[in-house]
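Novice: Let's see this in three dimensions:
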Amino acid sequence: MTVRERTEQIERETLSPYACRSAESRGRARPLERCPMRTDFQRDIDRIVHCKAFRRLKHKTQVFLEPEGDHYRTRMTHTLEVSRIARTIARGLRLNEDLTEAAALGHDLGHTPFGHAGERILNEIMPGGFEHNVQSLRVVERLENGGAGLNLTWEVRNAILCHTGDDAADTLEGRIIRLADQIAYINHDIDDAIRGGIIFPMDIPLSASQVLGFTHGERIDALVTDIVRESEGRNAVRQSEEYRKAMVELREFMFRAVYYNPVAKGEESKAQDMIRRLYDYYRRYPDKLPAEFQEIRLMEGEERAVCDYIAGMTDKYAVEQFGDIAIPKAWTVK
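Specialist: Numbering: from 1, shown residues only. As a prediction, this is how the structure comes out:
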């Protein structure tokens, strides 16, 4: 018996009857010889962590554009926090932690530079619109690995696509990601906004704090515990009405106080103008696109190639590319 087979046997014996077992995966678009050490979902974790799109998350905005200070979240640290919250919920419900972790680590691979400001402007200018969850799926299916994609299992791809939007994931592990994402960003964005002086602890709605707690850790612990308590023994991932309302209240507060705050988000219009001008430039001069996007240009059109290129940029790289095309360079006579 291989290590993988032993792990699969442990899954059969210990996981909830509602869990997705590795050996029962719907498989990959392109079959692979099974790994003797890792289950298919463990293999997907490694493929995501070692891909270029994952590494770029460390230089992509979460909420604050290029904040000064070492402790503000980036898209990378957000992803790691989602992963930890999701795995804790999965463990509490005896669901498949490996599937949960793979989906969490991959859920934001398609996010744009400059956070949701970048997503909104690409949605506006890209024919057919733009959604980061759809782009995340495109990253793992088409863009990574020289255009071959990561060839992940069906369950991981489904969870990545359905972590936001109207459709729920087919697995309970995938449904965890939607709630873990919300728990993570609401709470760490509160933490960052307090650190940045945008809000103060006494601004947080008292009614929500009385349910969830008054600190970062208390809120996360309360929300995770509630999900496990409400979902245990059921073919569902759900919250109690009291805790769901408290989380919705916190989210609405953050939109009012932070996400639409002119102090916190005052530079977003500049970032969006930059992305619009990058898009127009590469549409006008598609030969300037890197070589790996030329095939996409030929097969799927210039708009698709330009959108893929810009969506994959980090904040810093987007600024550099904009500088190259828009800012005159000094000329020196030797």
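
Novice: roughly how far apart are residue 230 and residue 108?
Specialist: To residue 108, residue 230 is 26 Å away according to Cβ to Cβ, to the nearest Å. For the C-beta atoms, the positions are set from N, CA and C on the backbone; glycine is no exception.

Novice: Tell me which of the two has more neighbours.
Specialist: residue 108 (26 against 16; other Cβ atoms under 10 Å).

Novice: Am I right that the more buried one falls within a helix?
Specialist: No - counting by DSSP: H, G, I helix; E, B strand; the rest coil, residue 108 is not found in a helix; it is coil.

Novice: Might one say that it is in contact with residue 78?
Specialist: Yes - using Cβ atoms under 8 Å, residue 108 is in contact with residue 78, at 7.1 Å.

Novice: What is the end-to-end distance of stretch 310-318?
Specialist: The separation between the terminal residues of stretch 310-318, taken as Cα to Cα, to the nearest Å, is 7 Å.

Novice: So which bits of that stretch are buried?
Specialist: By neighbour count with 16 or more other Cβ atoms under 10 Å, stretch 310-318 contains the buried residues 310-315, 318.

Novice: nearest to residue 42, of these?
Specialist: residue 312 (26.0 Å; Cβ to Cβ).

Novice: show me where the stretch 201-334 of the chain has helices.
Specialist: Per DSSP state H, counting those that start in this stretch, the stretch 201-334 of the chain carries helices over the ranges 206-212, 216-231, 241-254, 268-284, 291-300, 302-311, 315-326.

Novice: which parts of the shortest one are buried?
Specialist: Just to be clear, that refers to helix 206-212. Within helix 206-212, judged by 16+ other Cβ under 10 Å, the buried ones are 208-209, 211-212.

Novice: again, but for stretch 116-132
Specialist: Result for stretch 116-132 [16+ other Cβ under 10 Å]: buried residues 116-122, 125-126, 130-132.

Novice: one step back: and the buried residues of helix 206-212, which two are furthest apart?
Specialist: Across those, no pair lies farther apart than 209 and 211, at 7.3 Å, counting by Cβ to Cβ.

Novice: Would you mind measuring from residue 277 to residue 271?
Specialist: 11 Å.

Novice: who's more crowded, these two?
Specialist: residue 271 (24 against 13).

Novice: ok, that one touching residue 118?
Specialist: Yes - at 6.7 Å, residue 271 counts as touching residue 118 under the criterion of Cβ under 8 Å.

Novice: which sections of the stretch 201-334 of the chain are below the confidence cut-off?
Specialist: 264-266, 330-334 (pLDDT under 70).

Novice: Go again with 80.
Specialist: Low-confidence segments of the stretch 201-334 of the chain, defined by pLDDT under 80: 262-267, 329-334.

Novice: now do the stretch 51-200 of the chain
Specialist: In the stretch 51-200 of the chain (pLDDT under 80), the answer is 63-71.

Novice: For it, which segments count as strands?
Specialist: Taking DSSP state E, counting those that start in this stretch, the stretch 51-200 of the chain contains no strands at all.

Novice: still on that earlier bit, restricted to helices, list the buried residues of stretch 116-132.
Specialist: Using DSSP state H, the subset of the buried residues of stretch 116-132 located in helices is 116-122, 125, 132.

Novice: Show me which of these is closest to residue 39.
Specialist: The nearest one, if we look at these relative to residue 39 and count by Cβ to Cβ, is residue 132, at 27.8 Å.

Novice: pretty sure that closest one is in contact with residue 114, am I right?
Specialist: No - here residue 132 does not reach residue 114: they are 11.9 Å apart, not a contact under Cβ under 8 Å.

Novice: what touches both of those two?
Specialist: Here residue 132 and residue 114 share no contacting residue, scored by Cβ atoms under 8 Å, 6 or more residues apart in numbering.

Novice: surely residue 191 meets residue 216?
Specialist: Yes - counting by Cβ under 8 Å, residue 216 is a contact partner of residue 191 at 5.2 Å.

Novice: Quick check: residue 50 vs residue 101, distance?
Specialist: Distance of residue 50 to residue 101, computed by Cβ to Cβ: 14 Å.

Novice: Look at the two and report which has more neighbours.
Specialist: residue 101 (25 against 11).
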